[in-house]
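J.: Take this sequence and fold it.
(chains A and B, ligands or ions: 3)
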Amino acid sequence: MSLDAKIPGGQLADKWTTYKNNVKLVNPSNKRKLEIIVVGTGLAGASAAATLGELGYKVKVFCFQDSPRRAHSIAAQGGINAAKNYKNDGDSVYRLFYDTIKGGDFRAREANVHRLAEVSVNIIDQCVAQGVPFAREYGGLLDNRSFGGAQVSRTFYARGQTGQQLLIGAYQALERQVGLGNVQQFSRHEMLDIVNIDGKARGIIARDLVTGKLERHFGHAVLLCTGGYGNVFYLSTNAMGSNVTAAWKAYKRGAYFGNPCYTQIHPTCIPVSGDYQSKLTLMSESLRNDGRVWVPKSKEDAQAIREGRKKPTDIAEEDRDYYLERKYPSYGNLAPRDISSRAAKEACDDGRGVGESGLAVYLDFADAIKRLGKHVIEERYGNLFEMYAHITAEDPYTVPMRIYPAVHYTMGGLWVDYDLMTTVPGLYALGEANFSDHGANRLGASALMQGLADGYFVIPYTIGAYLSGEIFTKAIPTDHPAFEEAEKHVQDTLNTLLSIQGNKSVDQYHKELGKIMWDYCGMARTAEGLLKARDMVRKLRAEFWQNVRVTGKADELNQDLEKAMRVADFLELGELMIVDAYERNESCGGHFRVEYQEEGEAKRNDDQYAYVAAWEFRGIDNDPVMHKEELKYETVKLATRSYK
Amino acid sequence: MNVKLRVWRQRNAQEQGKLVDYAINDVSPNMSFLEMIDVLNESLVAKGEAPIAFDHDCREGICGMCSMYINGRAHGPQKLSTTCQLYMRNFSDGETITIEPFRAKGFPVLRDLVVDRSAFDRIIAAGGFISASTGQAQDANAIPIAKAQADMAMDAAACIGCGACVAACKNASAMLFVSAKVSHLALLPQGDPERKRRALAMVAQMDAEGFGSCTNTYACEAECPKGISVANIARLNREYLNAAIASEEMPK
Ligand SMILES: Cc1cc2nc3c(=O)[nH]c(=O)nc-3n(C[C@H](O)[C@H](O)[C@H](O)COP(=O)(O)OP(=O)(O)OC[C@H]3O[C@@H](n4cnc5c(N)ncnc54)[C@H](O)[C@@H]3O)c2cc1C
Ligand code: SF4
Ligand code: FES
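T.: Ligands and ions are numbered 1, 2, ... in the order given. Model (predicted):
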């Protein structure tokens, strides 16, 4: 099958308007007959389900948490971008578009990103109307800050809880539709398979996590808004339950997976402290506005610190290496995430890391406190400092913070066209679950924007293009053989997992997989390492199916079984990520191949690799097949990203 | 350090539950409370026993999913903290720690420490929103809102919906949760048109879910991980009274 991204014609800036003017509409009486399944209630899913309910479609919405309000979008701290130009500092839709394309290292689709920048302004309006309490200035108007190295202030925020407030806004809109009877809510439900009939997505199999019962649900269309798969690394800033299962089942049922290897490693997280560690905590990037990153110049000093013989404050100014300021004088501590993360890894690999494990660098506020006073720093970052102190039992006002990069976001995901439809007709992917807008590296404050853009302003239009052709399709009864087959398939998998009764726990496998992925498919990748890792993952997966121990039964609340199902999918995804990383013989954004660099910087290869790699499943023991979507840049000129 | 645990075990909503004793050794003070439970669960799985079921997700104190009642206190001994933000350094070597689920009529136990808090969703669905369908919004800066007012709304909006207030209250009242939502929306001009309807509908749903009434003991505020103030309850009472009077005066 050839990949058609269905990008509308015309000038970049007019494409979306032209599209909206011409897309087929579904009349209100027909909307009531059309059923839509939305899996996921994060920013993407909640906003989509609420809006589609408002429009009059019959919607069913699913999440695995006990309430839609707990989706992982809730944890986003920093903010959301929008090209409002309220600060009059030269921002525009074009600039937000350009920054996002450049930030993504020229590996995203122009038309999608431009649309994203266009609707960004509507998002802020919508959120304020719902009562999202964004930060305000004394004059009562909305405040903005600059974020993630942007040269304009376009980030809207609600204290350090922007994701929470945006999600609660979308959640309340969703609950309103639930109350009105337009949306049916299924919490503590996990989608475990997609049902295709005659080549179109027609429903899902979901497990009620309280009773363990498998359920069949029909939909004229299915929307996957199921978040990112960073937990394939075991340790990440994602929530414990974040997983790839929904996207993975879709992949195995014919949806192509786009750019699986593009992973974002965030530079400012609290380092690992022991092997019991279950997750990593992000320290907002905004800290880099005032903190200075350094390690000792000499290995001896670093070792002395690791062994507790010296304290950071014992290291004289001239013996410190403020490596970001040294290497990237014009951006300094604000260099983009991928670059900062790699620089931290290099310093630690060089034997100059600090902390007990040597896998940490300092983020030091001493200068800022001297310059601005402690109260200013407290006002800006008080809650973050408190959280840090809470976790580490150290006081960041007097001792520099220790930070280290951690897996944070996955740019890869299900391949979608301009309509957000996957390669399976009627199956859509929104939010972090799709691959679309961030290329090889996502800029700060742009995931929240994308999730809400997809859900509030894109899908309500683009789904009409498909559903207008479905108005004569009657709801398909769920005793159809395709539902039966899918349910049986899920039931068999559950039974198999419970019957193995081996010697190792699910978590042990997850940890081992995470270590392989981090070591070989993390911040620095080599062809040799990737080959080795692929083999290791395959062996581990084979062992898992021989030797995992899952307790309990299928027909009860069984968290061990839930985890096993997710880890089983991670064990397959890991291999695909490795294959993708191996095939991409260049360095771009979050994908750094050691063989392809110039003076220590990532070296892209636009002639051969300016494409999206969309992978097709061909059976778990066969190699997946890559389809290329060539990225055509009609407006932007490809340039080397330089932050020096 | 070594600790002893007494943990509530209950197979499902129908069966009776009981406290079961466990010992766990070599606990690092830098472990989070939930990581300590993870370690215990690994040892249970190794023995082929069912691990302890408990709700958790973000482990950053923001999703509101974790919900343990530790040594007689919702979210444990530390103020302004969720269970997931609690570290073992808050406990002493050799201590016996009792862990139970959040208990309330409105929160039936599903298994072990997992309870059903869907009543909170239904209270929000009854009126905890501003009716502004997608596309109906005007420019975000069209209505200036005084910073102090917006900050107060944000204070109330910080509620994570965990239900600790209910678990801490001897009447199992949900007033702090409901009042936080009513306050958040009533403090903003956008929320004004629906404020009366909202207060009446949310309180009616709260009563229907079987939550008790408020007798001003303020246990809720003391245990709330997000520092939601009981001043919100006073505001809810005013909102409710005004709305009730207005609804009596309204033509039927
Ligand atoms: C700590 C942290 C901080 C961040 N800060 C920022 C920031 O400041 N700015 C920014 O722009 N971005 C930020 N991000 C990124 C951003 O938060 C996420 O990319 C975004 O919120 C993802 O939204 P989503 O709707 O796609 O998915 P999620 O919010 O992850 O929601 C996924 C949903 O899918 C459901 N689900 C998943 N699988 C299944 C299944 N099989 N069956 C049923 N339901 C399922 C879940 O229950 C959930 O409801 C941050 C991310 C993290 C981890
Ligand atoms: S008011 Fe506090 S204790 Fe009650 S649900 Fe909200 S955050 Fe939890
Ligand atoms: S696990 Fe999210 S608040 Fe505790």
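
J.: And the helices in chain B?
T.: Using DSSP state H, the helices of chain B run over B:33-46, B:118-127, B:147-157, B:164-168, B:175-186, B:195-208, B:219-223, B:231-249.

J.: I figured B:Arg11 hits B:Arg111, correct?
T.: Yes: contact criterion CB atoms under 8 Å: B:Arg11 and B:Arg111 qualify, at 6.5 Å. The C-beta positions use only the backbone N, C-alpha and C, and glycine is treated the same way.

J.: Which one of these two is surrounded by more residues?
T.: Using other CB atoms under 10 Å in any protein chain shown as the criterion, B:Arg11 and B:Arg111 rank with B:Arg111 on top: 23 against 15.

J.: list the contacts for residue 93?
T.: Using chain A. A:13, A:83, A:114, A:117-118, A:120-121 (CB atoms under 8 Å, 6 or more residues apart in numbering or on different chains).

J.: The chain in question should be chain B.
T.: By CB under 8 Å, 6+ apart, the residues touching B:Asp93 are B:1-3.

J.: Give the PyMOL command for selecting the buried subset of those.
T.: Of these, the buried ones can be selected in PyMOL as follows, counting by 16 or more other CB atoms under 10 Å in any protein chain shown:
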select buried, chain B and resi 1+3
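
J.: Can you get me a residue count around A:Asp606?
T.: 15.

J.: So which of the helices of chain B is nearest ligand 1?
T.: Each of the helices of chain B was scored for nearness to ligand 1 using CB to the nearest ligand atom, and the closest is helix B:118-127 (13.1 Å).

J.: Now the residue lying closest to A:Gly254 once chain neighbours are set aside: phi and psi?
T.: Excluding its sequence neighbours, the residue lying closest to A:Gly254 (CB to CB, 6 or more residues apart in numbering or on different chains) is A:Val424, at 4.9 Å. Dihedral pair for A:Val424: phi -100, psi 120, per degrees, to the nearest 10.

J.: likewise A:Ala170?
T.: When read as degrees, to the nearest 10, the backbone of A:Ala170 gives phi -70, psi -40.

J.: Now do the contacts for residue 168.
T.: Reading this off chain A. Contacts for A:Ile168 (CB under 8 Å, 6+ apart) come out as A:69, A:132, B:157.

J.: sorry, should have said chain B
T.: For B:Ala168, the contact set (CB under 8 Å, 6+ apart) comprises B:73-74, B:219-220, B:222-223.

J.: and which of the residues you listed is nearest to ligand 3?
T.: Using CB to the nearest ligand atom, B:Ala74 comes nearest to ligand 3 of the contacts of B:Ala168, at 12.2 Å.

J.: what sits against the residue nearest to B:Cys224 when sequence neighbours are not counted?
T.: Of all residues not flanking B:Cys224 in the chain, B:Cys165 sits nearest, at 5.6 Å (CB to CB, 6+ apart). If a contact means CB under 8 Å, 6+ apart, then B:Cys165 has B:74, B:173-177, B:220-221, B:223-224, B:228 as its contacts.

J.: so where is chain A shaky, pLDDT-wise?
T.: Along chain A, segments meeting pLDDT under 70 span A:1, A:149.

J.: And the helices in the stretch 101-250 of chain A, which stretches?
T.: Applying DSSP state H, counting those that start in this stretch to the stretch 101-250 of chain A gives helices spanning A:110-130, A:162-180, A:245-252.

J.: How about the contacts made by B:Gly210?
T.: Counted by CB under 8 Å, 6+ apart, B:Gly210 has contacts B:105-106, B:119.

J.: so which residue of the stretch 51-200 of chain B comes closest to ligand 1?
T.: At 6.7 Å from ligand 1, B:Glu60 is the closest residue in the stretch 51-200 of chain B, using CB to the nearest ligand atom.

J.: That residue reaches B:Cys84, doesn't it?
T.: Yes: look at B:Glu60 against B:Cys84 with CB under 8 Å: they come within range, at 7.1 Å.

J.: Mind checking which of those two has more residues around it?
T.: B:Cys84 (26 against 20).

J.: In terms of pLDDT, where does the more buried one sit?
T.: What the model reports as pLDDT for B:Cys84 is 97.

J.: which parts of the stretch 101-250 of chain B sit against ligand 2?
T.: Contact residues, the stretch 101-250 of chain B versus ligand 2 (CB under 6 Å from any ligand atom): B:159-165, B:176-177, B:180, B:224-226, B:228.

J.: and which of those is nearest to A:Val195?
T.: Of all these, the one with the least separation from A:Val195 (CB to CB) is B:Gly161, at 32.8 Å.

J.: quick one, phi psi at the closest one?
T.: Main-chain torsions, B:Gly161, degrees, to the nearest 10: phi 60, psi 30.

J.: List the residues that contact it.
T.: Going by CB under 8 Å, 6+ apart, B:Gly161 touches A:67, A:69-70, B:64, B:117, B:120, B:177.

J.: and if you look at A:Val490?
T.: When contacts are counted by CB under 8 Å, 6+ apart, A:Val490 touches A:192-193, A:205, A:207, A:214.

J.: Sort out for me which of the residues you listed are in strands.
T.: A:192-193, A:205, A:207, A:214 (DSSP state E).

J.: Export the residues you listed as JSON lines, with columns for distance to B:Gln136.
T.: Output for the ones in strands among the contacts of A:Val490, formatted as JSON lines (distance: CB to CB, whole Å):
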{"residue": "A:Leu192", "distance to B:Gln136": "37"}
{"residue": "A:Asp193", "distance to B:Gln136": "37"}
{"residue": "A:Ile205", "distance to B:Gln136": "36"}
{"residue": "A:Arg207", "distance to B:Gln136": "37"}
{"residue": "A:Leu214", "distance to B:Gln136": "39"}
